[in-house]
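Engineer: here is a sequence with its predicted model. Questions after.
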Amino acid sequence: MFGFLSSSCLLCDTLVDLNAHNGISLCQGCFNDLPWMQQACRQCGAACSGCSTQSPVCGACQKKPPPVDYTLSALSYVSPVNYLITQLKFHHQLSAAAILSELLYLSLKPQLARMADKPDIIIPAPLHNKRLIKRGFNQAVEIARPLAKSLSLPLEKNAVKRIKNTLPQSELNASQRRNNIRGSFELVKTDILRRASHVVILDDVVTTGATCNELARVLKEAGVATVGVWSAARA
Ligand SMILES: [Zn+2]
Ligand SMILES: [Zn+2]
């Protein structure tokens, strides 16, 4: 109906027929080579070779269960996924958000079909205002927007506020990350959160899980029963 809409693949510059790829700028060859997450811990989402249907949770989560109840990540945070995320966050390449969103959708769709308790709302991990102004957009919102639309789930961009402008987590080790992030979030739309029993936090990449766990801790304090994390990538 729209004829041949084309763009070039964000990864290799090959011409892409957008009609054949749900409007995303990724060629079939690059799609076929994507590093999808394989065996992962159901709770923290980390790669876990010993995890299975019988034993779905990793040793660390068994020892000290985190506030996040489950994590669904589409891709492993290796090449070319780290490149896509860098292009999005630091080079304003918003077509990378469309790609990551579509890939997350493809990976979530079969899992959501099996999920009895569907999420009530999606909350994109908020950025502090200073960082939001500097970057011009929140990459988590850009990934969440088309996804929420495809899944017909409400997106709550302003339900939670980031009140502490922390050091970039990437420069810190795991325990520094936990201390750095503590007290970073403030619930804004408490009425919406009070009505929600299952909330999903959406982030571009989960590294140690410190940010999502702190946000989950705050949401649970407010009475949310189940907090899941969806991320395009997992380190
Ligand atoms: Zn390509
Ligand atoms: Zn785990």
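Structural biologist: Arrived safely, thanks for sending. Numbering: from 1, shown residues only. Ligands and ions are numbered 1, 2, ... in the order given.

Engineer: going forward, measure contacts between C-alpha atoms and count neighbours the same way
Structural biologist: Fine.

Engineer: which residues in this structure form strands?
Structural biologist: 6-8, 15-17, 70-76, 121-124, 160-162, 185-187, 198-206, 226-234 (DSSP state E).

Engineer: can I get those strands in JSON lines with mean neighbour count?
Structural biologist: Output for the strands of the chain, formatted as JSON lines (neighbours: other CA atoms under 10 Å):
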{"stretch": "strand 6-8", "mean neighbour count": "16"}
{"stretch": "strand 15-17", "mean neighbour count": "19"}
{"stretch": "strand 70-76", "mean neighbour count": "24"}
{"stretch": "strand 121-124", "mean neighbour count": "24"}
{"stretch": "strand 160-162", "mean neighbour count": "20"}
{"stretch": "strand 185-187", "mean neighbour count": "19"}
{"stretch": "strand 198-206", "mean neighbour count": "24"}
{"stretch": "strand 226-234", "mean neighbour count": "26"}
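
Engineer: to ligand 2, which of the ones you listed lies closest?
Structural biologist: Nearest of these to ligand 2, taken as CA to the ion: strand 70-76 at 8.9 Å.

Engineer: quick one: contacts of the closest one?
Structural biologist: Identification of contacts with strand 70-76 by CA atoms under 8 Å, 6 or more residues apart in numbering yields 34-37, 41-45, 81, 103-104, 107-108, 227-235.

Engineer: next, the buried residues of the helix or strand bottoming out on mean pLDDT in the chain.
Structural biologist: Every helix and strand of the chain was ranked by mean pLDDT, DSSP states H and E. The lowest is helix 174-181, at a mean of 82. Buried residues in helix 174-181, counted by 16 or more other CA atoms under 10 Å: 177, 178, 180, 181.

Engineer: so what does that helix touch, helix or strand wise?
Structural biologist: helix 210-221 (3 or more CA pairs under 8 Å, 6 or more residues apart in numbering; DSSP states H and E).

Engineer: average pLDDT across the helix it packs on?
Structural biologist: Across helix 210-221, the average pLDDT comes to 95.

Engineer: kindly export it (C-alpha atoms) in PDB.
Structural biologist: Taking Å, rounded to 0.1, in the frame of the first residue of the first chain, the C-alpha atoms of helix 210-221 are listed here in PDB:
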ATOM      1  CA  ALA A 210      21.000  -1.700  41.400                       C
ATOM      2  CA  THR A 211      18.800   1.000  39.800                       C
ATOM      3  CA  CYS A 212      15.800  -1.300  39.100                       C
ATOM      4  CA  ASN A 213      16.100  -2.900  42.600                       C
ATOM      5  CA  GLU A 214      16.000   0.500  44.300                       C
ATOM      6  CA  LEU A 215      13.000   1.600  42.300                       C
ATOM      7  CA  ALA A 216      11.300  -1.800  43.000                       C
ATOM      8  CA  ARG A 217      12.000  -1.400  46.700                       C
ATOM      9  CA  VAL A 218      10.300   2.000  46.700                       C
ATOM     10  CA  LEU A 219       7.300   0.700  44.700                       C
ATOM     11  CA  LYS A 220       6.900  -2.200  47.000                       C
ATOM     12  CA  GLU A 221       7.000   0.100  50.000                       C
END
